[in-house]
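Undergrad: Model the structure of this input:
(one chain, ligands or ions: 2)
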Amino acid sequence: SDYFSSVTGLEELLHTEDYLTKELRSKVNGIRISLQQLEGELSSIEKEHSIAATDSENYLTNPVNVYRLMKRLHTDWSLMEGRVQLMAEDMNFNATREYGLSFPSQEDVEGAALALVRLQSTYKLDVAQVAAGILNGVKYGSDMSWQDCFELGQQLFEMEDYNNTKVWLRESMERLRRHSSSAHAHAHSPPTSGPDTVTLNKMEATAKSLFQLGDFDTAYELSQRVLQFDPKRIRNWHLGDKGAAPPVENDDVGLPKHSDSYNLSEEFAQYEKVCRGEVNPTPRQELRCRYSQGHHPYRLLVPLKLEEHSLDPYVVTFHDMLNPQKIAHLREMAVPRMRRSTVNSLPGGQNKKSSFRVSKNAWLEYESHPTMVGMLQDLKDATGLDTTFCEQLQVANYGVGGHYEPHWDFFRDPSHYPAEEGNRIATAIFYLSDVEQGGATAFPFLDIVVKPQLGNVLFWYNLHRSLDMDYRTKHAGCPVLKGSKWIGNVWIHEVTQTFARPCDVFRDHEVSLGYDIIK
Ligand SMILES: O=C(O)CCC(=O)C(=O)O
Ligand SMILES: [Fe+2]
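TA: Residues are numbered from 1 along each chain as shown. Ligands and ions are numbered 1, 2, ... in the order given. Below is the predicted model of the structure:
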């Protein structure tokens, strides 16, 4: 399970289908050969009969013909029967009975559907384009069939996401309409198989439900398609379904909402905007890209490449901090330990899986490999912070549609961190991959969007100098649109930073208090 949350694991599913395809292919090939033989014999018997039909008396006075007729009926036909039965047995194919193969669960299918819809809404993608395998103008995959779109629509319906249900069902019906009219246009092409009865029933049932929910347009569109392929059904509709099962009583009529209130908030809309890169273009005069010697004399020789995103709160990128070989090795170490990511639930509760955070992660001990020790050392040199109290390195991978909705990295409840270490004063994200499209780290309140770039480190302080929480640092991992995103999270705790980051004369936390509400 949990195949949808990251790329690791999806390969297994590809392998499953690869295996099944090969199995079925070899069966189909075997049967094609048997069929061709049968075909040959059958047509020679047919030929015999057409000769006999012209003059049966003449035919039957030929002793050879008589002998062959007898032999055929006595022996050949029962052999033929055996061969047909054998073919049916050969064809016996049960996909799910194959041992040791991985299959996605219902949760996986729902997760994948949710991912598509999330991408579509975050990046304002056109459904028709997505269905055509085009993401932001780049054609990546093959087209979805009308059936694919219909299935997805149904899936969304079951998930009670009615807004998206509508969009996908309509796309599906549009595709079905085009599909059937283009088949008509080509007179030589074989008649298209329209929806089968089961599918027509599903379409009819879905139309009825949508009608009850008040989505008349989509209901109408579906009904039109049903009638196109089975005009007789209109009779039942006119009869008012007297013979059919009584309508299901439903107390909560009206379109229920799938999204909770946060996803409808102004703040969330702002977050999605930042993910799309629609940030305020006013140049910030005080920000620089520059070489920095950090806090270690070695960096006089090999200066850090520093890019400032914001000075207050302090958010910066250090470029080229980790080389591709080390990154590859780090990822290799993490893969066998990857588990679905969780989020902190209410105090006392267990950590939960959530659609709020869709990724997989692994925790690695810094001491277990020199690369990780080096990462901490580099961070220390770059920021001057003491790295005595860090959590283990968290390596995370987001698959397509994977994301982490806006959150703070500090804990609001002191019971969530050890008192002797203090809260998470700073976060450093090592980008362990590039991402083709999407997947940026976004700070919706700061209008900052950082595109993952292999080897870079994004660093910021979560706490004010006064050690109060800085609510302006709310941030998120935007949904990955194309590619696979790998990061390594370092969380540095506050207690040993007294000299590295001393407090000011005045408490400096007031600037951020206004950000602790959801608008
Ligand atoms: O994926 C990202 O860019 C952000 C990740 C993050 O905020 C976290 O893991 O706490
Ligand atoms: Fe975070």
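Undergrad: could I get stretch 54-69 in CSV with only the CA atoms?
TA: Extracted in CSV, the C-alpha atoms of stretch 54-69 (Å, rounded to 0.1, in the frame of the first residue of the first chain):
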residue,chain,number,x,y,z
THR,A,54,-23.1,-28.1,-56.0
ASP,A,55,-23.8,-31.8,-56.6
SER,A,56,-24.2,-33.9,-53.5
GLU,A,57,-25.0,-37.2,-55.3
ASN,A,58,-21.9,-37.0,-57.4
TYR,A,59,-19.9,-36.1,-54.3
LEU,A,60,-21.1,-39.0,-52.2
THR,A,61,-20.5,-41.6,-54.9
ASN,A,62,-16.9,-40.9,-54.6
PRO,A,63,-15.5,-43.5,-52.0
VAL,A,64,-12.7,-41.2,-50.9
ASN,A,65,-15.2,-38.4,-50.1
VAL,A,66,-17.3,-40.9,-48.2
TYR,A,67,-14.3,-42.2,-46.2
ARG,A,68,-13.2,-38.7,-45.3
LEU,A,69,-16.7,-37.6,-44.2
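Undergrad: Can you point out the buried residues in that stretch?
TA: Residues Y59, L69 are the ones in stretch 54-69 that count as buried (16 or more other C-beta atoms under 10 Å). Every residue, glycine included, has its C-beta placed from N, CA and C.
Undergrad: Number of residues surrounding M203?
TA: 23 (other C-beta atoms under 10 Å).
Undergrad: before we move on, what about E278?
TA: Quick note: E278 (other C-beta under 10 Å) scores 13 neighbours.
Undergrad: That one: what secondary structure?
TA: Recorded secondary structure, E278: coil (DSSP: H, G, I helix; E, B strand; the rest coil).
Undergrad: dump the residue contacts of the residue nearest to S172 when sequence neighbours are not counted.
TA: Spatial nearest neighbour of S172, excluding adjacent residues (C-beta to C-beta, 6 or more residues apart in numbering): C149 at 3.5 Å. Counting by C-beta atoms under 8 Å, 6 or more residues apart in numbering, C149 touches A131, W168, L169, E171, S172, R175.
Undergrad: The third one is in contact with Y220, isn't it?
TA: Just to be clear, that refers to L169. No: shown here, L169 and Y220 do not form a contact pair, counting by C-beta atoms under 8 Å, at 11.4 Å.
Undergrad: now, which of the contacts of C149 sits nearest D196?
TA: S172 (15.2 Å; C-beta to C-beta).
Undergrad: Next up, phi/psi of the closest residue to ligand 1 within the stretch 351-500 of the chain, please.
TA: Ranked by C-beta to the nearest ligand atom, the top residue of the stretch 351-500 of the chain for proximity to ligand 1 is G477, at 2.6 Å. Per-residue torsions, G477: phi -100, psi 110 (degrees, to the nearest 10).
Undergrad: helix, strand or coil for the closest residue to it other than its chain neighbours?
TA: Among residues not flanking G477 along the chain, Y404 sits closest, at 3.8 Å (C-beta to C-beta, 6+ apart). Recorded secondary structure, Y404: strand (three-state DSSP).
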